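J.: Quick one, structure for this:
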Amino acid sequence: MQENRKPTTGPLQGIRILDLSRLLPGPLGAMMMADMGAEVIKIEAPKFKDYARDFPPFINKESASYLAFNRSKRSLALDYKTEEGKAVFWELVKTADIVIEQFRPGVMDKMGLGYEAAKAVNPKIIYVSITGYGQTGPYRDKAGHDLNYISYAGVLGITGKRDQSPVIPGIQTADIAGGSYMSVIACLSALLARQTTGVGQFVDVAMMDSVMPLTVTAQALFAATNQPQPRGSLFLSGGLANYNVYPCQDGKYISLGTLEPKFWMKFCQVVKKPNWMNRMIPKGAEDLDAFYAEVSEFFQTQPQKHWVDLGDEHDLLISPVYDIHEVENDPQVQARDMIVEQEHPTAGKVKTVGVPLKFSDTKATPAWAAPVFGADTQAILTELGYTEEQMQEWEGQKIIARG
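T.: Below you'll find the predicted structure:
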């Protein structure tokens, strides 16, 4: 059990967020704001914990996924479906700035915990609901996951090589870019609006909507030409030999990012391939394939390190394509503290991704490792004025749990 831990650094100090979300989108977004100094209270019911707690692999019985999405938060184990639990929840809403939830549309209303009820308790509350397809439209009640959302949004359709099947991205695009990042933007925008209006509001974050800006280039080309944009044809996703990925002699890969002519010309000069200079823009699919094969054969004459060193020496925009286990050893990652290690009470030392935003005056930093279940229940309820006798009674009734 942790007593009265609160954020001490970051630009969002003084903001209290109630996080009722599960799995990846909401929890990661809330964690980002916790790292930035917001007091985030993660609320899980004793009989309805975050599913991520059960996801393998485990570090000393603690889910690595849960640890990755929930650091810097306080943990309140509270059954908010019970009348007693609802009463505690409303007491927290009175003190909170933001509620984040990730249930299907209407679920919170059915429980009596929706936005209108929250607004009646605290008119300044900002209520952010993250769903797959939003609160309106024919897909409102449709089930989905990341793969479904990027399929509908067109992201998956333009990802992959020409004339081949779409390729599932190596990251959860809709969950993170559409859910986590957009929920942070929603919270901060609504907080700014509240400074002017004096009241909160409901924010509808749909992951399908929120990944569509990722297709802005392809959409612009379609709007201009009224023609389909096949996989592998877009200049920034496989349609140029000078902006592409290549295998090396040792089986590793490099990325060549010489998009601007000045960089491409310089590359051609350094590698003594002047005949490549005027071949930036392909004359068609066959020309692109032939030129890519020629450049690919060239890169396979040396190992990855040779090309990376050459790129560093001459500023040629050549980067190693890291496998995930190689990232933490990169000097730029280390210099920017983008992999951090924290001590967890049961998991021991835990490595997670660092804080991407660097503030000059209000430093954002991970406060503590993800809490064990119910670690802050006693401290939070004590702050609200509940007695030890009341907590013991609720603990016996499984309304709360203390870590």
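J.: from here on, contacts and neighbour counts on C-alpha atoms
T.: Noted.
J.: in the helix or strand containing residue 382, what counts as buried?
T.: Applying DSSP states H and E as the criterion places residue 382 in helix 377-383. For helix 377-383, a neighbour-count test (16 or more other C-alpha atoms under 10 Å) marks 377-381 as buried.
J.: Could you name the helices and strands sitting against that helix?
T.: Applying 3 or more C-alpha pairs under 8 Å, 6 or more residues apart in numbering; DSSP states H and E, we find helix 377-383 packed against strand 74-78.
J.: Now the element after the strand it packs on, going C-ward?
T.: Next along from strand 74-78, by DSSP H and E: helix 83-95.
J.: sorry, back to before: residue 85: which of the buried residues of helix 377-383 is nearest?
T.: Of all the buried residues of helix 377-383, residue 85 sits closest to residue 381, with 11.2 Å by C-alpha to C-alpha.
J.: ok now do the closest one, which residues does it touch?
T.: Residues in contact with residue 381 (C-alpha atoms under 8 Å, 6 or more residues apart in numbering) are residue 387.
J.: again, only using 6 Å
T.: Neighbour list for residue 381: empty [criterion: C-alpha atoms under 6 Å, 6 or more residues apart in numbering].
J.: Pull up the gap between residue 52 and residue 265, please.
T.: Distance from residue 52 to residue 265, counting by C-alpha to C-alpha, to the nearest Å: 49 Å.
J.: ditto for residue 208
T.: Residue 208 sits 40 Å away from residue 265, taking C-alpha to C-alpha as the criterion.
J.: out of the two, which sits in the busier spot?
T.: Comparing residue 208 with residue 265 by other C-alpha atoms under 10 Å, the one with more neighbours is residue 208, at 27 against 18.
J.: Quick check, the more buried one in contact with residue 149.
T.: Yes: with contact defined as C-alpha atoms under 6 Å, residue 208 reaches residue 149; the gap is 4.8 Å.
J.: coming back round to it: beyond the helix holding residue 382, next helix or strand please.
T.: helix 388-396.
J.: quick check, distance from that following helix to the centre of its chain.
T.: Distance of helix 388-396 from the chain centroid (C-alpha atoms, centre = their mean, to the nearest Å) equals 37 Å.
J.: Pairing partners for the helix or strand just after it, with directions?
T.: Next helix or strand after helix 388-396 toward the C-terminus (DSSP H and E): strand 400-401. Here strand 400-401 is paired, per DSSP bridges, with strand 74-78 (antiparallel).
J.: so the strand it pairs with versus helix 388-396, what angle?
T.: 70 degrees (axes from the mean of the first three to the mean of the last three C-alpha atoms, to 10 degrees).
J.: any idea of the angle strand 74-78 forms with helix 83-95?
T.: Using the same axes, to 10 degrees: strand 74-78 against helix 83-95 is 150 degrees.
J.: Please enumerate residues in contact with strand 74-78?
T.: In contact with strand 74-78 (C-alpha under 6 Å, 6+ apart) are residues 41-46, 371, 374-377, 399-401.
J.: same check, this time on stretch 262-278
T.: Contact with stretch 262-278 is made by 258, 316, as judged by C-alpha under 6 Å, 6+ apart.
J.: Now do the buried residues in it.
T.: Those would be 263-268, 276-277, for stretch 262-278 by 16+ other C-alpha under 10 Å.
J.: What of stretch 226-238?
T.: Counting neighbours by 16+ other C-alpha under 10 Å, stretch 226-238 gives 230-235, 237-238 as buried.
J.: Keep only those of these that are in strands.
T.: Using DSSP state E, no member of those falls within strands.
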